[in-house]
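Colleague: Return a 3D structure for these sequence lines:
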Amino acid sequence: MGIKKVKANTPGRREATFDDFEDVTRVVPEKRLIVIKKKTGGRNSTGKITVRHRGGGSKRYIRLVDFKRDKFNVEATVASIEYDPNRGSRLALLHFADGAKRYIVAPTDLKVGDKVTSSQDLIELKNGNAVQLQYIPAGMAVSCVELEPGAGAKIARSAGNIVYVMGVEGKYAQLKMPSGEIRQVKKECMCTIGRASNPDHRHISLGKAGRSRHLGIRPTVRGSAMNPNDHPHGGGEGNQSIGLTHPKTIWGKPALGVKTRKKRHSDRLIIKRRAKRK
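Modeller: Numbering: from 1, shown residues only. Now for the predicted structure:
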């Protein structure tokens, strides 16, 4: 994938950058592997907004992606590399030898015509193959990693993400996460060889508010621009600083740099925390 700029004939296009889609080989998705995406506008079943700044956006289909890679020891051919509007990384459409078709998150440099396999035993460690962590040598880059065996990939699924296997000891494999955190994961968990595709996705600049609206993202208003009855930071004549002991959310809870992770049973598996922001 590459990033392209366009002629700056409007203020919105002057700072905007776009995906060139050169790696995409098919535009129309596989009909049997899509469902209509229903929109909630950030509201729950009672109609209350539980997630702010969501609404509108272009219509989309959800691609049914195989995150479990549980079709073992059946060779598949990459039929196409496709764009998915619901994620930054590309999808690869696999045609299996028995006639089945599935989508997977495509690793970088996977090409049409490549052969990939998923297995619970040791197989060739090439780009796109899925194996258990216990067979990955130290220092190898993987993506789409499970947290629990058979539960499906949860880690390093988005564009350009990568996990390094630091080693395998006892029942666990040690992984260096994209955040820099080092944690233990059961060695029977599946992973995909290679880095998740489309690493340049993070460099795309939307350039104008309209492109955010197309993505279903509604405007965000600063708390200091509100009235006192709408936000703890609101009120005052002209521009005012926060004026409180610490920043607060719209609901009066501590914000901006406050740790929000709750104590979990999996904390014991974390060897090194991710680096603090400076």
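Colleague: Please count neighbours and contacts with C-alpha atoms only from this point.
Modeller: Will do.
Colleague: avg pLDDT for stretch 83-98?
Modeller: Here stretch 83-98 scores 94 as its mean pLDDT.
Colleague: Distance-wise, check residue 243 relative to residue 91.
Modeller: For residue 243, the distance to residue 91 under the criterion CA to CA, to the nearest Å works out to 48 Å.
Colleague: show me the contacts for the closest residue to residue 55 other than its chain neighbours.
Modeller: Ranked by CA to CA, 6 or more residues apart in numbering and with sequence neighbours excluded, the top spatial neighbour of residue 55 is residue 41, at 4.3 Å. Residues counted as contacts of residue 41 (CA atoms under 8 Å, 6 or more residues apart in numbering) are 49, 54-56.
Colleague: per-residue pLDDT, residue 41?
Modeller: Note for residue 41: predicted pLDDT of 94.
Colleague: Convert the C-alpha atoms of the longest helix along the chain to CSV, please.
Modeller: Here the longest helix in the chain is taken by residue count, with DSSP state H as the criterion, and it is helix 209-214. Extracted as CSV, the C-alpha positions of helix 209-214 are listed here (Å, rounded to 0.1, in the frame of the first residue of the first chain):
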residue,chain,number,x,y,z
ALA,A,209,-14.5,16.9,9.0
GLY,A,210,-16.6,15.4,6.3
ARG,A,211,-14.3,12.3,6.1
SER,A,212,-14.8,11.7,9.8
ARG,A,213,-18.6,11.8,9.3
HIS,A,214,-18.3,9.3,6.5
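Colleague: Could you list the buried residues of that helix?
Modeller: By neighbour count on 16 or more other CA atoms under 10 Å, the buried set for helix 209-214 is residue 213.
Colleague: Name the surrounding residues that touch it.
Modeller: Here helix 209-214 has contacts from 56-58, 206, 218, using CA under 8 Å, 6+ apart.
Colleague: Average pLDDT for that helix, rounded please.
Modeller: 95.
Colleague: list the helices and strands the next helix or strand after it packs on?
Modeller: Downstream of helix 209-214, the first helix or strand assigned by DSSP states H and E is strand 270-272. For strand 270-272, the helices and strands in contact under the criterion 3 or more CA pairs under 8 Å, 6 or more residues apart in numbering; DSSP states H and E are strand 182-186.
Colleague: Do you have the strands of the stretch 1-150 of the chain handy? List them.
Modeller: Taking DSSP state E, counting those that start in this stretch as the criterion, the stretch 1-150 of the chain contains strands spanning 3-5, 17-19, 34-36, 61-63, 76-82, 91-96, 101-105, 115-116, 130-132, 141-143, 145-146.
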